[in-house]
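S.K.: following is a predicted model, sequence given first.
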Amino acid sequence: MEKATPENGRGDGEAAFGAAPHERPVPRISIHAFCEFPDSGTALQRAGTDRRLSKAHLTVELGGLEAAIEHYRGQVTPNLLIVETRLQGDEALAELDRLAEVCDPETKVVVVGRVNDVELYRELMRRGASEYLVAPLDPLRLISVISGLYLNPQAAPIGRVVSFIGARGGAGSSTLAHNVGWSVAEFLHINTTIVDLDLPFGTMGLNFNEETGQSVADALTAPERLDDVLLDRLLLKSGDHLSLFTAPAALEREFDIQPQAYEAVIDAVRQSTPCVILDLPRQWSRWVKDVLLASDDIVVVATPDLAGLRTAKSLCDLLKQQRPNDAPPKLVLNQVGQPKRPEIPARDFAESAGQAPSLVLPYEPQLFGTAANNGQMLIEVQPKSPVSEGVRRLAELVTGRTVSSEAQKGALPFLNSLLGRKQA
């Protein structure tokens, strides 16, 4: 990981951080694939379940190039046609010429073959094919190719979305989301927007000691009106690199927001900010699930008790299953070492949950209480505490950047002792 400095350009959040070009969601297109071999069909089906292809409609059939030619005689071809052939050289080119006769000019064609033939590749490109891939297919490579075909080179970079959710109420996911977002902006100088999506009970305004008459609810109730000007007016600036999208925290209102509105607002925010931190409510609904599955990274915060373990395991298992091409969610074990409270040891928690915690944070009620009551960040109250060091570390983990060499030292002895490890 590289340290953020003005000299290497990492201080410019817009240019330095965000989703890679191939990570952009593919637009709402139709994709039809004709495979010769079952393994290619399996790879395509796996790619089709990926979050980046969630808006596309993918159909996979067997039969290869010949089946595609027969299928599209007299029919409109899709936006993207993927055809696999077992033929080589001139035979393959002759069949592709037959496909061109039934293929609409606007349709992009990706050819899959079994031979790494440079001459065939060059001839296919000359004849108008969009790409030539050599089987066996890798789902991530497929996604990258498809995304690249529809990427506008002039389009501005989009931000990476990191979602925080608690495995149970009071686990501290909101506090960590706010503190990590603040740390990313403060120490890494990456332009960051924190979005509080707990509309009735959100605490971001309190934690930052900020009041605003407008909130994320104003955007969610009319997402079609959310352009750059309105977004800039709704966001609350909290420093050179940090913006806040607060929740209204109003019980007198009932919020009946459609899932598509959350998607539209998050898309609008990531168009303008390299790093987007989402503070999700501890509830399970369609929109929460959709937001989690579409996120670039996920942090699950749990407490070391049976309820926390059960829900953390369920969440992590679901996310791993439905996001097979992504890294597993990061598990944070919070409030460890609370006096007189029976708790599950971190090592046993990791074994039962099926993954080791990315971070273990101690129980420090004085620090959390003082920060909350004063409207300050944890690091502002006690910059050298194990919790503050852990927050810096979590900011590094979700960005892939290093705050400083000193920032990694303070928490390690404590974390290693909790996980039963010996210092090297």
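M.R.: Cool, got the structure.
S.K.: other residues contacting stretch 132-141?
M.R.: For stretch 132-141, the external contacting residues (CB atoms under 8 Å, 6 or more residues apart in numbering) are 37, 39-40, 43-44, 46-47, 50, 84, 110-116, 120-121, 124-125, 142, 145, 324-325. Using the backbone N, CA and C atoms, a C-beta is placed for each residue, glycine as well.
S.K.: for the chain, which segments count as strands?
M.R.: 30-35, 57-62, 80-84, 108-113, 131-134, 160-166, 192-196, 236-237, 242-245, 275-279, 297-302, 330-336, 359-362 (DSSP state E).
S.K.: any regions of the protein where pLDDT drops low?
M.R.: 1-16, 20-22, 153, 404-424 (pLDDT under 70).
S.K.: against residue 61, how distant is the residue nearest the centre of it?
M.R.: The residue lying closest to the centre of the chain (CA atoms, centre = their mean) is residue 296, at 1.0 Å. Residue 296 sits 32 Å away from residue 61, taking CB to CB, to the nearest Å as the criterion.
S.K.: ok, residue 382 next?
M.R.: For residue 382, the distance to residue 61 - CB to CB - is 61 Å.
S.K.: of those two, which one has the most company?
M.R.: residue 382 (16 against 13; other CB atoms under 10 Å).
S.K.: sorry, back to before: okay if I get the strands of the chain as CSV plus distance to residue 71?
M.R.: CSV is the format used below for the strands of the chain (distance: least, CB to CB, whole Å):
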stretch, distance to residue 71
strand 30-35, 7
strand 57-62, 8
strand 80-84, 10
strand 108-113, 14
strand 131-134, 20
strand 160-166, 38
strand 192-196, 44
strand 236-237, 54
strand 242-245, 47
strand 275-279, 41
strand 297-302, 39
strand 330-336, 44
strand 359-362, 52
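S.K.: out of these, flag the one nearest residue 350.
M.R.: Set against residue 350 and scored by CB to CB, the strands of the chain come closest in strand 330-336, at 8.1 Å.
S.K.: contacting residues for residue 354?
M.R.: Applying CB under 8 Å, 6+ apart, the residues near residue 354 are 313, 316, 317.
S.K.: may I ask which of those residues has the most neighbours?
M.R.: residue 316 (21 neighbours).
S.K.: if I look at that one, how far off is residue 284?
M.R.: Counting by CB to CB, the gap from residue 316 to residue 284 is 14 Å.
S.K.: again, but for residue 136
M.R.: Residue 136 sits 37 Å away from residue 284, going by CB to CB.
S.K.: just to revisit the earlier point, touching, the residue nearest to the centre of the chain and residue 270? I think so.
M.R.: No: under the criterion of CB atoms under 8 Å, residue 296 is not in contact with residue 270, lying 9.1 Å apart.
S.K.: got any residues that touch both of these two?
M.R.: Common neighbours of residue 296 and residue 270 (CB under 8 Å, 6+ apart) are 19, 160, 161.
S.K.: contacting residues for the nearest residue to residue 102 once chain neighbours are set aside?
M.R.: When the adjacent residues along the chain are set aside, residue 102 lies closest to residue 72, with 4.5 Å between them (CB to CB, 6 or more residues apart in numbering). For residue 72, the contacting residues are 99, 102, 103, by CB under 8 Å, 6+ apart.
S.K.: of the residues you listed, which is the most crowded?
M.R.: That'd be residue 99 among the contacts of residue 72, by other CB under 10 Å, with 22 neighbours.
S.K.: residue contacts, that one?
M.R.: So residue 99 contacts 65, 68, 69, 72, 83, 109 (CB under 8 Å, 6+ apart).
S.K.: the stretch 301-424 of the chain: helices as residue ranges?
M.R.: Here the stretch 301-424 of the chain has its helices, by DSSP state H, counting those that start in this stretch, at 306-322, 346-353, 365-374, 378-381, 386-399, 412-418.
S.K.: er, the stretch 151-300 of the chain actually
M.R.: 173-187, 204-207, 216-220, 228-234, 259-272, 286-294.
S.K.: could you list the buried residues of stretch 366-385?
M.R.: Buried residues in stretch 366-385, counting neighbours by 16 or more other CB atoms under 10 Å, are found at 367, 368, 371, 376, 377, 378, 379, 381, 382, 385.
S.K.: ok, so of those residues, who is nearest residue 403?
M.R.: Closest approach between those and residue 403, by CB to CB: residue 379, at 10.6 Å.
S.K.: wait, isn't that closest one in contact with residue 178?
M.R.: No: counting by CB under 8 Å, residue 379 stays clear of residue 178, with 11.5 Å between them.
S.K.: in PDB, list the C-alpha atoms belonging to stretch 189-197.
M.R.: What follows is stretch 189-197, C-alpha atoms only, in PDB (Å, rounded to 0.1, in the frame of the first residue of the first chain):
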ATOM      1  CA  HIS A 189      -7.100  13.200   2.000                       C
ATOM      2  CA  ILE A 190      -9.500  11.300  -0.100                       C
ATOM      3  CA  ASN A 191     -12.800  13.200  -0.800                       C
ATOM      4  CA  THR A 192     -15.400  11.200   1.100                       C
ATOM      5  CA  THR A 193     -19.100  11.400   1.600                       C
ATOM      6  CA  ILE A 194     -20.800   9.600   4.500                       C
ATOM      7  CA  VAL A 195     -24.400   8.700   3.900                       C
ATOM      8  CA  ASP A 196     -26.700   8.000   6.900                       C
ATOM      9  CA  LEU A 197     -29.500   5.800   5.700                       C
END
